[in-house]
Structure formats: structure tokens, C-alpha cells
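Asks: Pasting a predicted model and its sequence here:
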Amino acid sequence: QVQLVESGGGSVQSGGSLRLSCAARRATYRGYCLGWFRQASGEEREEVATIDSNDITNYADSVKGRFTISQDIAVERLYLQMNNLKPEDTAMYYCAAGYAQFGRCHFTFWGQGTQVTVSS
């Protein structure tokens, strides 16, 4: 069974940085995808960044140039480095795992989330 546990959230001021980590146990099987999603209060969940087994990454336009997704398969870890944070980045951030099919990631496992709060 895939297990995803996020950590690293917190409160920072605008312009600050945070690094999220996800322990992604048994999630890196053949053709896998890993990703970060976020959901702000009263909003729908949105995809932030994804990475697949070929290290191909994708980012939401709103975070390009500020966030970096990476993985360390040896220790089954997924990371999200977030720089130049803005108040609109405030949300619960979720780690997700799934598989790649026809060039797209399909996510089927979710972590419990870690809160990120950015103050102006």
C-alpha cells in the first residue's frame, strides 16, 4: 500500500521560502508520477507541480520560476522548494502519487496535507 506523509509546512512572510517534503513509501513503481497539489480555503484543489519516473516536471503557471519539484528515489522522498512565497500561495499542500498514461499523470493516492501560510 502506498503511503504518503507530508512535512515542512509553516508560516512565513511574503518573499520567504519553505521546503516541503513527502515520504512516499512504495510509490515509485514502474511508470509512476508524483506531485504536489494545494487547496486554499473555499477553493478547489489545484495541481502545483508534478514529476515522473523520467524526471520530467510540470508546473502550474502561477508557480513557475518560484517553485521546484524534485525527488530522491533512494530514500523515497518528494520535495517542493518554494521561494518568493506570496500570500496567494497560502493553502493546504498535498503530496500525491499515481501513474503516467498517454503522457499525463493520473493520481490515485494522497497524503494528509501540510499547511502553508504566507503573510503580507
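Replies: Structure received.

Asks: Quick check: Ser14 touching Leu85?
Replies: Yes - contact status for Ser14 versus Leu85: in contact at 6.5 Å, counting by Cβ atoms under 8 Å. Placement of C-beta: from N, CA and C, glycine included.

Asks: Mind listing the shared neighbours of those two?
Replies: Residues within reach of Ser14 and of Leu85 at once, by Cβ atoms under 8 Å, 6 or more residues apart in numbering, are Val118.

Asks: ok, these two, which is more surrounded?
Replies: Leu85 (22 against 13; other Cβ atoms under 10 Å).

Asks: where's the more buried one relative to Tyr29, distance?
Replies: Shown here: Leu85 relative to Tyr29, a distance of 32 Å by Cβ to Cβ, to the nearest Å.

Asks: Okay, and Gln71 sits in which element?
Replies: strand 67-72 (DSSP states H and E).

Asks: what bridges to the spatially most central residue of the chain?
Replies: Central residue of the chain (Cα atoms, centre = their mean): Trp36, 2.0 Å from the mean position. Per DSSP bridges, the residues bridged to Trp36 are Ala49, Cys95.

Asks: Quick check: it vs Ile56, distance?
Replies: 15 Å.

Asks: Same check on Lys64?
Replies: 15 Å.

Asks: Leaving aside the residues adjacent along the chain, what's closest to Glu46?
Replies: Nearest residue to Glu46, sequence neighbours excluded (Cβ to Cβ, 6 or more residues apart in numbering): Arg38, at 6.1 Å.

Asks: The one you found in helix, strand or coil?
Replies: strand (DSSP: H, G, I helix; E, B strand; the rest coil).

Asks: neighbours around Ile73, how many?
Replies: Residues lying near Ile73 (other Cβ under 10 Å) number 14.

Asks: For it, give me its contacts.
Replies: So Ile73 contacts Thr28 (Cβ under 8 Å, 6+ apart).

Asks: Compute the distance between it and Gly31, please.
Replies: From Ile73 to Gly31 the distance is 14 Å (Cβ to Cβ).

Asks: No further questions, thank you.
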